[in-house]
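1. Have a look at this fold, sequence not included:
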């Protein structure tokens with residue numbers, strides 16, 4: 001749908017500061033209300049910026065070709081003179097980054113975190129394997145994962161995304177993306193592949209597990225990047241120190257499995273990383289385990305509420321010891337795994 005500049009100016013009350021949702025170097029996003037009552041997000045790209053024009057074209061070209069419940073929906077655009085605006089569905093609960101690191105960071109249950117991871121993985125698998133030609137997002141990060149009122153994930157911001165050819169194994173292009181999430185193989189080879197998105201998704205998984213930022217300049221020099229920090233914890237046998245302390249000790253075994261998936265995604269060689277279809281299968285299994293664990297926790301709530309603080313400290317100590325025994329000495333060591341190989345069935349990714 002094509003909107004006029006006047007319509008969008010009215011919808012956002014002349015792009016009032018009170019309607020401001022966020023922004024970056026190339027655009028600003030406002031909340032708007034259309035004449036039919038729909039609440040929308042209006043992205044206003046900065047005028048005279050060549051990269052902004054490219055991002056506008058990218059978003060329109062790509063989002064007009066795709067439709068998936070876990071991709072943000074493009075409702076229309078405005079192209080009048082130098083005014084470039086994109087109109088999206090409004091996603092109520094902000095970004096995943098807001099909930100993990102920002103003002104909305106009041107905690108997400110492990111079940112919710114794994115569901116968000118699974119839905120994000122399904123969206124990326126759809127882009128890589130079901131869209132023809134395939135699409136590489138190129139900027140997967142927690143601030144580009146939106147959450148609706150039910151905390152359903154919506155992958156957004158396709159400004160850097162690239163369409164590839166059906167028979168191509170990669171796209172040769174200058175590296176672009178966000179520090180902390182950028183695939184080091186892509187950075188060195190200038191070859192963008194679906195495995196570049198897989199690497200970025202691995203960093204997102206680490207954020208969900210730890211509630212730590214992908215890049216944090218306040219951390220030790222060798223641990224500024226979350227991926228480097230996680231590797232250091234593995235080498236020191238202290239993997240449990242990565243886990244968000246707000247998550248129950250009862251989930252540590254499950255969190256270890258989730259870290260396993262993350263580190264497969266973060267393999268230094270892109271060919272050693274799983275596809276997003278494989279990641280979906282792994283997360284489906286973990287999601288089922290989480291539901292079972294939640295049910296078990298509810299049934300034993302009375303017992304937990306009556307444990308002494310000393311008993312709880314002892315339980316954490318035992319769990320920490322077990323975690324050290326289960327952790328590999330490096331990411332090259334094969335992780336113990338009891339799950340089966342991913343199924344070839346892909347139908348769930350559409351739903």
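-> Nice, I can see it. Worth saying up front: this structure is predicted, and the values here are computed from it rather than measured. Residues are numbered from 1 along each chain as shown.

2. Residue 214 contacts residue 224, correct?
-> No. Residue 214 sits out of contact with residue 224 when judged by C-beta atoms under 8 Å, with a separation of 9.7 Å. For the C-beta atoms, the positions are set from N, CA and C on the backbone; glycine is no exception.

3. Please say which of those two ends up with more neighbours.
-> The neighbour count for residue 214 versus residue 224, taken as other C-beta atoms under 10 Å, is higher for residue 214 (23 against 17).

4. for the closest residue to that one other than its chain neighbours, what are its contacts?
-> Nearest non-adjacent residue to residue 214, counting by C-beta to C-beta, 6 or more residues apart in numbering: residue 180, 3.5 Å away. Contacts for residue 180 (C-beta atoms under 8 Å, 6 or more residues apart in numbering) come out as 141, 203, 213, 214, 215, 225, 226, 227.

5. how many neighbours does residue 56 have?
-> Applying other C-beta under 10 Å, we find 21 residues neighbouring residue 56.

6. Can you tell me how far it is from residue 209?
-> 35 Å (C-beta to C-beta, to the nearest Å).

7. Over to residue 125?
-> 20 Å.

8. Could you do residue 182 as well?
-> Taking C-beta to C-beta, one finds residue 182 at 20 Å from residue 209.

9. out of the two, which sits in the more crowded spot?
-> residue 209 (25 against 20).

10. what about that one, helix or strand, and which?
-> Using DSSP states H and E, residue 209 falls within helix 194-210.

11. Can you point out the buried residues in that helix?
-> 194-210 (16 or more other C-beta atoms under 10 Å).

12. what do you get for stretch 283-290?
-> 283, 284, 286, 287, 289, 290.

13. For the chain, which segments count as strands?
-> 20-23, 27-33, 39-45, 74-80, 83-89, 135-136, 145-147, 153-155, 162-163, 171-172, 191-192 (DSSP state E).

14. Make a markdown table from those and add mean pLDDT to it.
-> Formatted as a markdown table, these follow (pLDDT from 0 to 100):
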| stretch | mean pLDDT |
| --- | --- |
| strand 20-23 | 88 |
| strand 27-33 | 94 |
| strand 39-45 | 94 |
| strand 74-80 | 93 |
| strand 83-89 | 93 |
| strand 135-136 | 92 |
| strand 145-147 | 97 |
| strand 153-155 | 98 |
| strand 162-163 | 68 |
| strand 171-172 | 64 |
| strand 191-192 | 82 |
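
15. Nearest to residue 246, out of the ones you listed?
-> strand 145-147 (17.6 Å; C-beta to C-beta).

16. Give me the residues contacting the closest one.
-> Against strand 145-147 from outside (C-beta under 8 Å, 6+ apart): 72, 91-97, 99, 116, 120, 153-156, 204.

17. Stretch 9-24 too?
-> 28, 29, 30, 31, 32, 33, 34, 40, 41, 42, 44.

18. unless I'm mixing things up, residue 112 is touching residue 150, no?
-> No. Using C-beta under 8 Å, residue 112 makes no contact with residue 150, being 9.9 Å away.

19. Have a look at those two and say which one is more surrounded.
-> Neighbours were counted for residue 112 and for residue 150 using other C-beta under 10 Å; residue 112 has more, 16 against 9.

20. Now that one. Nearest residue, chain neighbours left out?
-> residue 151 (5.6 Å).

21. State the phi and psi torsions of that neighbour.
-> Phi and psi for residue 151, reported as degrees, to the nearest 10, are phi 60, psi 30.

22. rewinding a little: name the residues contacting each of residue 214 and residue 224.
-> By C-beta under 8 Å, 6+ apart, no residue touches both residue 214 and residue 224.

23. Least confident secondary structure element in this protein?
-> Scoring the helices and strands of the chain by mean pLDDT, DSSP states H and E places helix 301-305 at the bottom, with a mean of 44.

24. what's the domain layout of this structure?
-> 5-89, 96-350 (automatic domain parsing).

25. Least confident of these, on average?
-> With a mean of 79, domain 96-350 has the lowest mean pLDDT of these.

26. What are the boundaries of the helices in the stretch 51-200 of the chain?
-> For the stretch 51-200 of the chain, the helices defined by DSSP state H, counting those that start in this stretch cover 96-101, 110-129, 184-189, 194-210.

27. I appreciate the help and will end here.
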